[in-house]
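K.L.:
prediction below, plus the sequence it came from.
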Amino acid sequence: MATASYPTPHEDSLSKHLQCSLCLQDYHDARILPCFHTFCARCLETSCLQQTDAGKPSLYCPVCMDESDLPQKGVQGLPKNMYVQNLQDLQSIPAAPPKCDLCTDNELAVGRCEVCSCYLCEFCNQAHLRQRKTADHPIIPLEIIASAAALPDSLPRPPPSTTHYPSNQQPQFCEVHSGKELRLFCESCEMPVCQECSMEEHENHAILPLEDVNMQYSEIIQNLLTQTKPLVSALKESTKSIEFQLSSIQERASVIAEDICDSVDARMRTLQEHKCSLLNQLEAIKQHKENTLDLQLENLKKVQEEVEVNCSLASKALKDGNAATVFGVKVPIVARLQELIGAKHDFHPQEDDYIHFYPSVPAGQCRGFDVFGVLDSTGPSAAHSVVEGDGLFEARQRKMAVFLVCVYDRYGQRRLSGEDKVEARVHSRNGTAVNTAVNNNGDGTYQVTYTPESAGEHRLSVLIEGKHVRASPFVVNVRPKRKKHRGTFHCCTFCSSEGKKHVRCGCGGMMPGGYSGCGHGHPGHPGCWHWSCCGSTVEKSECLL
């Protein structure tokens with residue numbers, strides 16, 4: 001008798017399809033969810049049951065979190081994953097041809113009883129079929145088992161827990177009626193059944209041959225597969241496009257990152273260069289101030305020493321010398337002392353510790369970048385600064401007055417930093433302070449504004465770094481606010497009043513015929529248009545009354 005060839009199953013290939021992602025163990029009664037993920041029945045019962053908002057039990061998939069209604073029979077009502085069950089059956093196939101499990105003759109098996117789960121030799125196979133209790137047991141020939149064992153290597157395998165395919169060539173048997181093959185399909189319950197089930201539990205249900213239903217569904221699935229081909233093509237193109245964009249984004253981000261690094265590095269080099277320049281300037285300022293004061297100190301010490309020597313000599317001559325001796329040294333001592341006393345000496349330090357750093361002041365460009373931060377070693381000089389503008393000497397009540405302060409250093413150079421402390425104080429005759437505002441123009445000039453509330457003499461003080469500028473405080477004459485005209489700007493009273501006799505005019509003109517106001521060419525008429533209230537001939541002016 002010919003023996004079948006038994007390929008060795010790839011345990012690694014099979015085992016990856018047979019492990020539940022919840023318990024991480026081999027599937028036990030694998031059930032498939034509507035989302036096509038597969039789990040053990042007991043894992044679903046213990047981990048995935050929940051209540052919906054309506055209070056009905058439901059299942060949620062722990063992989064995709066999809067929620068589905070729980071069948072009426074619970075988890076047991078979910079379809080079995082026959083693909084997983086077949087793989088588990090294949091995994092149990094021995095690598096070599098098995099021997100008979102019933103007799104002691106060590107004969108090679110020719111089939112396997114699916115009910116007894118044992119291998120049978122030719123003799124035991126015939127005996128199995130003759131006995132009443134085992135006559136209806138299905139026996140699978142080893143050739144079919146061998147071809148099924150090669151199935152995982154010959155067919156593409158779907159990923160674990162995501163596919164549900166019909167079984168391979170092995171027949172499927174009813175779980176309720178042992179040994180009864182599933183050859184029918186209940187349309188009412190949408191499940192395969194055996195002949196016994198169709199006459200008991202599924203009596204009066206719509207029953208069809210399983211093979212016909214399989215062909216029908218195969219045709220439907222084939223049509224759906226045909227319809228999904230454009231979708232697959234579109235998905236492939238889309239994934240390629242997205243992958244290209246992802247790659248492009250990464251490349252673009254790398255280029256931009258290099259640009260950022262280059263730009264920041266260049267700015268850092270610029271800042272470092274500007275820092276070194278400022279430190280060098282600071283050192284030069286320090287050396288200049290120190291050298292100036294050292295030279296001044298040395299000269300003053302020489303003068304001090306010479307004065308002390310001449311004073312000591314003169315005192316000694318007066319104390320110890322006789323008349324002839326005093327007279328002998330009189331002329332040179334007197335001349336020298338007079339020379340020392342009359343000489344002009346700069347007793348005030350020629351330099352001070354004024355060194356300021358202004359970090360926000362523009363300092364030009366370095367390597368093509370704008371840099372900020374300048375050093376100032378001279379400081380403002382109130383004595384050399386200039387104040388100008390009408391607001392220094394006169395103002396109008398309740399009208400804003402303006403003047404400008406131009407700050408200079410002690411060498412007469414215009415200050416450009418715009419960081420100096422400039423103050424303005426205005427007080428009325430009775431000492432009331434007037435609010436002032438100092439606006440820094442950023443170029444060494446400062447605009448000062450104030451609005452006096454009362455008329456009369458005011459005092460204006462302008463200070464730079466706490467010191468008065470020249471001529472400060474200033475005396476400001478605040479005139480009363482401008483008076484509005486109450487009359488009419490006209491050519492004469494006779495015309496503007498339509499000939500009324502008793503209307504007077506501020507020009508003082510008179511008109512014969514009993515008229516009190518002015519008329520053209522009559523005494524007192526100014527000879528031009530004028531205001532009737534005060535006689536002013538300027539239309540845009542304040543009233544003189």
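P.N.:
Nice, I can see it.
K.L.:
is it true that residue 526 touches residue 508?
P.N.:
No: in this structure, residue 526 is not within contact of residue 508 by CB atoms under 8 Å, at 9.2 Å. Just so you know, the C-beta spots here come from the backbone N, C-alpha and C atoms, and that holds for glycine as well.
K.L.:
quick check: neighbours shared by those two?
P.N.:
Counting by CB atoms under 8 Å, 6 or more residues apart in numbering, the contacts common to residue 526 and residue 508 are residue 535.
K.L.:
how about stretch 193-200: buried residues?
P.N.:
For stretch 193-200, the neighbour count (16 or more other CB atoms under 10 Å) marks 193-194, 197-198 as buried.
K.L.:
pull the residues that contact that stretch.
P.N.:
Residues from elsewhere that reach stretch 193-200 (CB under 8 Å, 6+ apart): 173-174, 176-177, 180-186, 201-202, 205, 207.
K.L.:
got the CA coordinates for it in CSV?
P.N.:
These are the backbone C-alpha positions of stretch 193-200, laid out as CSV (Å, rounded to 0.1, in the frame of the first residue of the first chain):
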residue,chain,number,x,y,z
VAL,A,193,-25.7,22.8,10.6
CYS,A,194,-25.8,19.1,10.4
GLN,A,195,-28.7,16.9,9.3
GLU,A,196,-29.7,16.3,12.9
CYS,A,197,-29.7,20.0,13.7
SER,A,198,-31.9,20.7,10.8
MET,A,199,-34.6,18.4,12.1
GLU,A,200,-34.3,19.5,15.8
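K.L.:
that one: how far from the chain's middle?
P.N.:
Mean-position distance between stretch 193-200 and its chain equals 69 Å (CA atoms, centre = their mean, to the nearest Å).
K.L.:
what mean pLDDT would you report for it?
P.N.:
Stretch 193-200 shows a mean pLDDT of 87.
K.L.:
rewinding a little: could you work out the most separated pair of the buried residues of stretch 193-200?
P.N.:
194 and 198 (7.3 Å; CB to CB).
K.L.:
pretty sure residue 319 sits in a helix.
P.N.:
Yes: the assignment for residue 319 by DSSP: H, G, I helix; E, B strand; the rest coil puts it in a helix.
K.L.:
okay, now it: neighbour count?
P.N.:
8 (other CB atoms under 10 Å).
K.L.:
can you tell me how far it is from residue 476?
P.N.:
Counting by CB to CB, to the nearest Å, the separation of residue 319 from residue 476 is 63 Å.
K.L.:
and residue 140, by the same measure?
P.N.:
With CB to CB as the criterion, residue 140 and residue 476 are 121 Å apart.
K.L.:
so which of the two has more stuff around it?
P.N.:
residue 476 (24 against 15).
K.L.:
quick one: secondary structure of the closest residue to that one other than its chain neighbours?
P.N.:
Leaving out its chain neighbours, the residue that sits closest to residue 476 by CB to CB, 6 or more residues apart in numbering is residue 458, at 4.4 Å. Here residue 458 is recorded as strand under three-state DSSP.
K.L.:
over to the one 3 residues further on?
P.N.:
Look at residue 461: counting by three-state DSSP, its state is strand.
K.L.:
what's in contact with stretch 60-67?
P.N.:
Residues contacting stretch 60-67 (CB under 8 Å, 6+ apart): 21-22, 33-35, 37, 39, 47-48, 50, 52, 58-59, 68, 161.
K.L.:
10 Å instead, please
P.N.:
21-22, 33-39, 43-44, 47-50, 52, 58-59, 68, 161-162 (CB atoms under 10 Å, 6 or more residues apart in numbering).
K.L.:
just these: which are in strands?
P.N.:
38-39, 49-50, 58-59, 68 (DSSP state E).
K.L.:
now restrict the residues you listed to buried residues only.
P.N.:
38-39, 59.
K.L.:
and of the residues you listed, the nearest to residue 429?
P.N.:
Looking across those and measuring by CB to CB, the closest to residue 429 is residue 59, at 94.7 Å.
K.L.:
who are the contact partners of that closest one?
P.N.:
Going by CB under 10 Å, 6+ apart, residue 59 touches 31, 33-35, 39, 44-45, 47-50, 66-71, 74-75, 78.
K.L.:
for residue 213, same thing?
P.N.:
184-187, 190, 192, 207.
K.L.:
go on, residue 394?
P.N.:
Applying CB under 10 Å, 6+ apart, the residues contacting residue 394 are 401, 458, 475-479.
K.L.:
so is residue 306 in a helix, a strand, or just coil?
P.N.:
What three-state DSSP gives for residue 306 is helix.
K.L.:
that one: how many residues sit nearby?
P.N.:
As a burial measure, residue 306 scores 13 neighbours (other CB under 10 Å).
K.L.:
same check, this time on residue 462
P.N.:
Neighbours around residue 462, by other CB under 10 Å: 27.
K.L.:
check residue 82 too.
P.N.:
For residue 82, using other CB under 10 Å, the count is 18.
K.L.:
now swap in the one 5 residues further on and tell me
P.N.:
Per other CB under 10 Å, the neighbour tally for residue 87 reads 24.
K.L.:
any idea which element it lies in?
P.N.:
Using DSSP states H and E, residue 87 sits in helix 82-91.
K.L.:
same check, this time on residue 24
P.N.:
Judged by DSSP H and E, residue 24 forms part of no helix or strand.
K.L.:
list the contacts for residue 420?
P.N.:
By CB under 10 Å, 6+ apart, the neighbours of residue 420 are 356, 376, 379-380, 382, 385, 405, 407, 409, 440, 444, 446, 464-465.
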